[in-house]
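What would the 3D arrangement of this be:
(5 chains)
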Amino acid sequence: MRSITGGGLKSGLPPGSLIHVGIASEEEAQLTVIKFNPDSLHEVELVKPFNLESCIEGDTVSWINFCGIHDIATVAALGERLSIHPLVLEDIVNTRQRPKVEIYEGYIYIVLKMLSYDRVEARLDSEQVSLIMGPGYVVTFQERPGDVFDPVRQRLRAGRGRIRGSGPDYLTYALMDVIVDNYFIALEAIEDQIEGIEDELFSKPSSRLVATIHNLKRVMIVLRKAVWPLREILLGLERGESDVIKTSTVPYFRDVYDHSIQVIDTVESLRDVLSGYLDIYLTSVSNRMNEIMKVLTIMATIFIPLTFIAGIYGMNFDFMPELKWPWAYPALWGVMLVIGGGMIWIFRRKKWL
Amino acid sequence: MRSITGGGLKSGLPPGSLIHVGIASEEEAQLTVIKFNPDSLHEVELVKPFNLESCIEGDTVSWINFCGIHDIATVAALGERLSIHPLVLEDIVNTRQRPKVEIYEGYIYIVLKMLSYDRVEARLDSEQVSLIMGPGYVVTFQERPGDVFDPVRQRLRAGRGRIRGSGPDYLTYALMDVIVDNYFIALEAIEDQIEGIEDELFSKPSSRLVATIHNLKRVMIVLRKAVWPLREILLGLERGESDVIKTSTVPYFRDVYDHSIQVIDTVESLRDVLSGYLDIYLTSVSNRMNEIMKVLTIMATIFIPLTFIAGIYGMNFDFMPELKWPWAYPALWGVMLVIGGGMIWIFRRKKWL
Amino acid sequence: MRSITGGGLKSGLPPGSLIHVGIASEEEAQLTVIKFNPDSLHEVELVKPFNLESCIEGDTVSWINFCGIHDIATVAALGERLSIHPLVLEDIVNTRQRPKVEIYEGYIYIVLKMLSYDRVEARLDSEQVSLIMGPGYVVTFQERPGDVFDPVRQRLRAGRGRIRGSGPDYLTYALMDVIVDNYFIALEAIEDQIEGIEDELFSKPSSRLVATIHNLKRVMIVLRKAVWPLREILLGLERGESDVIKTSTVPYFRDVYDHSIQVIDTVESLRDVLSGYLDIYLTSVSNRMNEIMKVLTIMATIFIPLTFIAGIYGMNFDFMPELKWPWAYPALWGVMLVIGGGMIWIFRRKKWL
Amino acid sequence: MRSITGGGLKSGLPPGSLIHVGIASEEEAQLTVIKFNPDSLHEVELVKPFNLESCIEGDTVSWINFCGIHDIATVAALGERLSIHPLVLEDIVNTRQRPKVEIYEGYIYIVLKMLSYDRVEARLDSEQVSLIMGPGYVVTFQERPGDVFDPVRQRLRAGRGRIRGSGPDYLTYALMDVIVDNYFIALEAIEDQIEGIEDELFSKPSSRLVATIHNLKRVMIVLRKAVWPLREILLGLERGESDVIKTSTVPYFRDVYDHSIQVIDTVESLRDVLSGYLDIYLTSVSNRMNEIMKVLTIMATIFIPLTFIAGIYGMNFDFMPELKWPWAYPALWGVMLVIGGGMIWIFRRKKWL
Amino acid sequence: MRSITGGGLKSGLPPGSLIHVGIASEEEAQLTVIKFNPDSLHEVELVKPFNLESCIEGDTVSWINFCGIHDIATVAALGERLSIHPLVLEDIVNTRQRPKVEIYEGYIYIVLKMLSYDRVEARLDSEQVSLIMGPGYVVTFQERPGDVFDPVRQRLRAGRGRIRGSGPDYLTYALMDVIVDNYFIALEAIEDQIEGIEDELFSKPSSRLVATIHNLKRVMIVLRKAVWPLREILLGLERGESDVIKTSTVPYFRDVYDHSIQVIDTVESLRDVLSGYLDIYLTSVSNRMNEIMKVLTIMATIFIPLTFIAGIYGMNFDFMPELKWPWAYPALWGVMLVIGGGMIWIFRRKKWL
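Numbering: from 1, shown residues only, chains lettered A, B, ... in the order given. This next block holds a predicted model:
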């Protein structure tokens, strides 16, 4: 489970100091540039040392995707090339950011979390994605290779929809949209697991289930931290507070906003359901305890008086007239059967049997 | 139980891609048009291929009701005919929408959930209804045939009330009103069931009851997701933020707003009641446990010392003078009765009996 | 217990259809008019058919009190006489309204709940009161005869205070004030009952108490639904959003506002107290269980080993040398006393005795 | 415990009717006037009948302190002398007010609660203090003699600080400041008691503790009702909404505002701590129950099989060959020791011993 | 554990009375001045009596760090030198302040808490830091020597980053930044401890764990009181409400604001986790109880009927034909084995074994 604070902090360094905070990917950093306009599309995978000068060209929109933010030098070079504020660069390489949007003069900086849920290990994997949208370019910074952007790439290549003919704001929308859409996939996986628990909860409650519920609750806490800030972010973008976003793109951001509200709703609903599960577990356990106690009580209550009677006639007193009576033994059996049967009858009436 | 996330997602497609998300109805799509003005009313059931040109006429109000949003092609054709934004069309065919209102230039787009509660299966059925209100027309999109709009149709046919003489805004109000009124019917059914539980809760608490309470809690979670957004939607419409709504119709939307607040209030109250039920169940179970424990303790506490005494005089020591005394046996019975009676007296004083 | 949803719904009728929703009073509808100015007061009890023309006169303030809103025809006639919006009339005869204020041109429509708490049956009776305040008149609509307005009538008759010399806004204030003041009386009755529970809670917790607490919680839920909306209503009136209320009357509405806040505060506090009661009940029950378990454990732990020893010397082996020893029997008694005493000593040290 | 609703209500009287609501002090009403300017200070204790004319003089600030609001006549006379609104006078003599500030033309009316915590009886005593600040005067109304204003009196007499040279607004600040400072003293006393409970909670949880925790929770509810409204009151005063408060005094009200926020924070924190205590109590009780059950189970589990074996060889069958074997008795002891020891070994492994 | 109210209050003194509230450090007060401009840096450690005149010079930025606010005289002298409002000085020497920002004419006053978590004693140490930022100077007041400002000192000495070339607003930012960064360190330490608890919670729940969880919950309450106000403080500074903060520094305050939001998020998440722990503990304890009960019930249920049978044949009736049958004894063993085995089979089916 990813820790809540994050860990691996830097403290007291001057702001703008590029210190990678997070788990450094072991793979080589990758820089891919897709330059497109309505008519053409160029896709280049750069090799180190990256030549950043040609990334952005006048009449095309450039999508610069950089995987491997532990490569501080390249991040710094990109930042210099695009005149990004040092604090933004510092945030990009610090993977403990809270999702946020910051509007600077000439560009917008967005931080999001790319989430995926590992069903087998019941683990929520989170990767920080930073987007910088400026005039004619979008830069995405990822922690490691592998992302959810392939549908966008395919739409770009195929020239389907509005994406090729629109500016960087529409591309930003498209990228945020796939990220948020993937939250639904993670939520569905989590809900499946929750449904699975529910059946087990009634049939055979076990302490392992409590551990699973607890784990899912923690997953929800982490998930919630990732999705709650989306509301404000998208509200900000939808309201078109920045000139960088064209009016025609605003409805698209409103669409992502709607989706993010749905994600938040679902997270809250699933949290409610999980809380209910603990209650069910406790009542389930109480019921079991009751059942066990009932068995014990019935057995003990029937046999304790009978054993006492048997003990009486096991005493060795010289003068116990009953012991001499020939029909005493079968009579005693009769008495015992009446007592036992009476007990059972009482338990039936109390609905214990 | 309908899942909370919804399931059946599309991800990464270009916006405006018409992909039906939801359970496709097996029935043929139906398109019905009611054109009316104060003097006349024409009701047409179109057959495929639908001729959409004649749907809207200058001097009448058209209510176009389309059942079967899995028929993507017709939705797209209708969208083109009325110049609807592609994102709206995408939302119409995606049944996982959160209720919302979106104000576009020239038309308003409203998403609502039509709810019905199946008492037998204790299941909340939800159907998404999209309304588009533009100049001279209202289009309603439903998932499948069968709806709650019959009272509106009857009022239209009979020409009762203001409905024939008013514009599409009043028709929109009338449609939203019957949808919200039906929430009360669902809530009443749910409350009936809750009342039924309450009696059982005190008389015979069972783990089946917990399952029922849990199920109702989930129903409430789904219901809440459907009704909470109504508040904002109707507040927006009541404030007359769009030119499409006439001032004279605003009080009617305020009326629906009041109803939606009442629905929300009721949902919250029922949630409170359900939460209380679990507490009652737990205390009920605790009480039962106590009663069982008391029976066990009373039986054991009375007979354990008596059995011990019987055991003593069942010992085979050669020198046990009591065994020779002729009155020892009846005296022992006396002692035992005193001990047993004393125990019972103590339990009475402790109010255990 | 009055149901939460209300029940008895109308659905799908055209707005403004006067359909009485609620329990129809069996008594005849009553219409009383009090016309007053600083110098004179006329009180008339009208008989059916009501002559409504003379109700309102130029230079007097008329208070028209109508009991029996199930008499739809009279409500409609009154509405026509005073030019009330059809939606308002519909709300007046529907007793399931949420308290609210609506400002129309020329008049204000206020819905309140008149509450009384029946201590014997622990039941909260709620009656809907609609007030319409217009120029020169106040109309009050009640469900059935019997109300809390007598102090206002007496003040009017006696000409005490400002009431005779002020307009309909001051009369409205006076009527709302007695309604809100009566909430305190209901709350006091409820608090008395809660106090009574508290003593019993510690002395003899029973499942009947849980039912009572649960019932009171439901009463609080209903009460809360009636008082929460007051806050907004009175804030609206206090801010003088309507011309119908004179500036000099505003401080009086602020006074009622203060009272309503106090009612809300008290309701919330009592809810907190009731929630605490369930916790106390559960701990009380746990303590009892503990006490019972302790008795059982002490008895069993002392006698089980002793019974075992007695069982040993009740065995019939041919070679058990102890059985022959003359001092074996008294010695065994000694051993048993030591074991029993030791157990008691251990229990004392554990603070179980 | 002071009741939550208050009790002793008036209902239906005309507003401005001076009816004392509360517990009438048995002591005689007292009226003290302190007139001061930077140079001089006059302190007069008036006797009945109070001559109110001389209370306020042109060039001095008068602090009129009146103890004993059950003396309605004097309150009315003071009100007339200072032209106070009848509703304000009504509120002054009604001790069930919620803390509030009301800004009238020419004067400000403030209601506060003076709190003291009686450690011995664990009781929160609350006394209502009304302040009226007008041009050149401050009037304080108390329920009974004895207050927390002595430090202010001493500062006035000694001429220390700004107090003598400032106007009535600064005096108002000084009086509110000592009242709020005394909340901290009450809170400290409560916290001390809470700390005391904590130690006991782990060492010997008893049902008496639950009653104490419950009582403290109720104290917190009452305290909360007294301090929450302070926030708004002081925010209003700090924002200088009234002309009566000079700009130079505003920072002082901000200071009291800060203190009141601290009080609210502390109240909330202590409520959190108290809620936690009930959880601890429940776990403590559960642990005890577990311990008791373990003792019972260990004793029963060890001796039940042994007693069964002894019972076997206590049977009187004619053909039980073991009974004849000379080494059977010691062998049986061996078997029993092995069984008992094995049980103990198992319990050790399960960490029950 | 530091108390929640704080303790050691002053009450009723005139405002501006410099009374140290808190635990007086035993160490001598220290005054250090760092004067710097882009080109040079002078660092002076003053000795008593402090010569405050030379602290501030025209063309340099002075950072005056004062440790030991129990030295009232020096605080007063510094206050006089810089014309600080008496209320601010009073707040500086009162260590019970809530974090806040106050904007005065010409300077800003900020109160923060410097937190450190002692892992061994599980104790949160809190030290109050007051910052006054004016034209050309920043004064920091600490309770005792030892702080978290060393990284800032090093950056100043090294001339790294913007710090030497920027004004007092940037220095203020840098100081607040290290304080907030240190909250993460405290949170990480706490989270580590929480993680440690989790493992133990499932393996061996003990009442000591409950005490630890409770202690951590209290730590979170204290922490929360320190961090929640940060939000408002930094929002105020970020919005540049004061002229003292240059526009170019605003993004830096926004950065600290982001960090403070993250701290608050983490505190809330950890609180959620801790609350979940108590639930887990309770279910863990319930499970243990169940297990114990099961062992007891199994043992008792198997042996109680067997012991009863043995008791029967231990009776001394003269006429018990079974006792004479030669195969009765082995047959009885057979019966007993069948009964015992049957019981075990039933328990297996019930999944108790």
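
For chain A, which residues are neighbours of chain D?
Proximity of chain A to chain D is confined to A:Gly314 under the rule C-beta under 8 Å from any C-beta of the partner chain. All C-beta atoms are positioned from the backbone trio N, CA, C, and that covers glycine.

Which single residue of chain A ends up nearest chain D?
Proximity of chain A to chain D (C-beta to the nearest C-beta) peaks at A:Gly314, 6.7 Å away.

how far away is that residue from chain C?
7 Å (C-beta to the nearest C-beta, to the nearest Å).

pretty sure that residue is touching E:Met315, no?
Yes: with contact defined as C-beta atoms under 8 Å, A:Gly314 counts as touching E:Met315 (5.1 Å).

Which strand or helix spans A:Val250?
A:Val250 is part of helix A:250-312, with elements assigned from DSSP states H and E.

between that helix and helix B:250-312, how many degrees?
Relative orientation of helix A:250-312 and helix B:250-312, computed by axes from the mean of the first three to the mean of the last three C-alpha atoms, to 10 degrees: 20 degrees.

Next, the contact list for the closest residue to A:Gly68 other than its chain neighbours, please.
Once flanking residues are discounted, A:Gly68 sits nearest to A:Ala29: 3.2 Å by C-beta to C-beta, 6 or more residues apart in numbering or on different chains. Neighbouring residues of A:Ala29 by C-beta atoms under 8 Å, 6 or more residues apart in numbering or on different chains: A:48, A:66-68, A:70-71, A:74.

Need the phi and psi values for A:Ala29.
phi -70, psi 140 (degrees, to the nearest 10).

Spell out which helix or strand contains A:Leu332, please.
helix A:328-349.

and that helix with chain E, contact?
Yes: interface with chain E: helix A:328-349 contributes A:328-329, A:332 (C-beta under 8 Å from any C-beta).

and if you look at stretch A:193-213?
Yes: using C-beta under 8 Å from any C-beta, stretch A:193-213 comes into contact with chain E via A:204, A:207, A:210-211.

returning to what we had before: what residues does the helix holding A:Leu332 touch?
Residues from elsewhere that reach helix A:328-349, judged by C-beta under 8 Å, 6+ apart: A:298, A:301-302, A:305-306, A:309, A:313, A:322, A:325, A:353, E:315, E:317, E:319-320.

The stretch 251-353 of chain A against chain C: which residues are in contact?
Residues of the stretch 251-353 of chain A lying close to chain C by C-beta under 8 Å from any C-beta are A:Gly314.

pLDDT below threshold where in the stretch 251-353 of chain A?
Scanning the stretch 251-353 of chain A for pLDDT under 70 picks out nothing.

can I assume A:Glu27 sits in a strand?
No: A:Glu27: not assigned to a strand; according to DSSP: H, G, I helix; E, B strand; the rest coil it is coil.

Report the buried residues of the helix holding A:Leu332.
Under the neighbour-count criterion of 16 or more other C-beta atoms under 10 Å in any protein chain shown, helix A:328-349 has A:328-329, A:332, A:336, A:340, A:343, A:347 buried.

mind listing the strands for chain A?
Per DSSP state E, chain A carries strands over the ranges A:30-36, A:41-46, A:61-67, A:100-104, A:107-118, A:123-134, A:137-142.

ok, back up a step: for the contacts of helix A:328-349, which one is nearest chain C?
E:Met315 (11.2 Å).

Can you tell me the closest non-neighbouring residue to the closest one?
A:Tyr313 (3.9 Å).

same question, A:Asp118
Nearest to A:Asp118 is A:Asp125, by C-beta to C-beta, 6+ apart, at 6.1 Å.

my read: that neighbour touches A:Leu115, true?
Yes: between A:Asp125 and A:Leu115 there is a contact at 7.0 Å, judged by C-beta under 8 Å.

For C:Gly341, see how far away A:Arg224 is.
Distance of A:Arg224 to C:Gly341, computed by C-beta to C-beta, to the nearest Å: 61 Å.

typed the wrong thing, it's A:Val244
As for A:Val244, its distance to C:Gly341 is 89 Å (criterion: C-beta to C-beta).

So what's the residue count around the closest residue to chain E within the stretch 251-353 of chain A?
Closest approach between the stretch 251-353 of chain A and chain E, counting by C-beta to the nearest C-beta: A:Ala310, at 3.3 Å. A:Ala310 is flanked by 25 other residues according to other C-beta atoms under 10 Å in any protein chain shown.

what residues are up against it?
E:308, E:311-312, E:314-315.

Report the buried members of the contacts of A:Ala29.
A:66-68, A:70-71, A:74.

Go through those and say which is closest to chain C.
For these, the nearest to chain C is A:His70 (51.3 Å; C-beta to the nearest C-beta).

If you drop the residues flanking it in sequence, what lies closest to that closest one?
A:Ala24 (3.8 Å).

How is chain A divided into domains?
A:30-283, A:313-349 (automatic domain parsing).

between those, which has the poorest average model confidence?
For those, mean pLDDT drops lowest on domain A:30-283, to a mean of 87.

quick one: terminal-to-terminal distance for that one?
Domain A:30-283 has an end-to-end distance of 54 Å (criterion: C-alpha to C-alpha, to the nearest Å).

same question, stretch A:18-25
16 Å.

residues of it that come out buried?
Neighbour counts using 16+ other C-beta under 10 Å place A:18, A:20-22, A:25 of stretch A:18-25 among the buried residues.

Can you pick out the most distant pair from those residues?
Based on C-beta to C-beta, the longest span within those runs between A:Leu18 and A:Ser25 and measures 16.2 Å.

what sits against A:Val244?
A:Val244 neighbours (C-beta under 8 Å, 6+ apart): A:106-108, A:133-135, A:168-169.

which of the residues you listed are buried?
For those, buried by 16+ other C-beta under 10 Å: A:107-108, A:133-134, A:168-169.

and of those, the nearest to chain C?
A:Ile108 (38.8 Å).

A:Lys113 contacts A:Glu127, doesn't it?
Yes: A:Lys113 lies in contact with A:Glu127 (C-beta under 8 Å); the separation is 7.1 Å.
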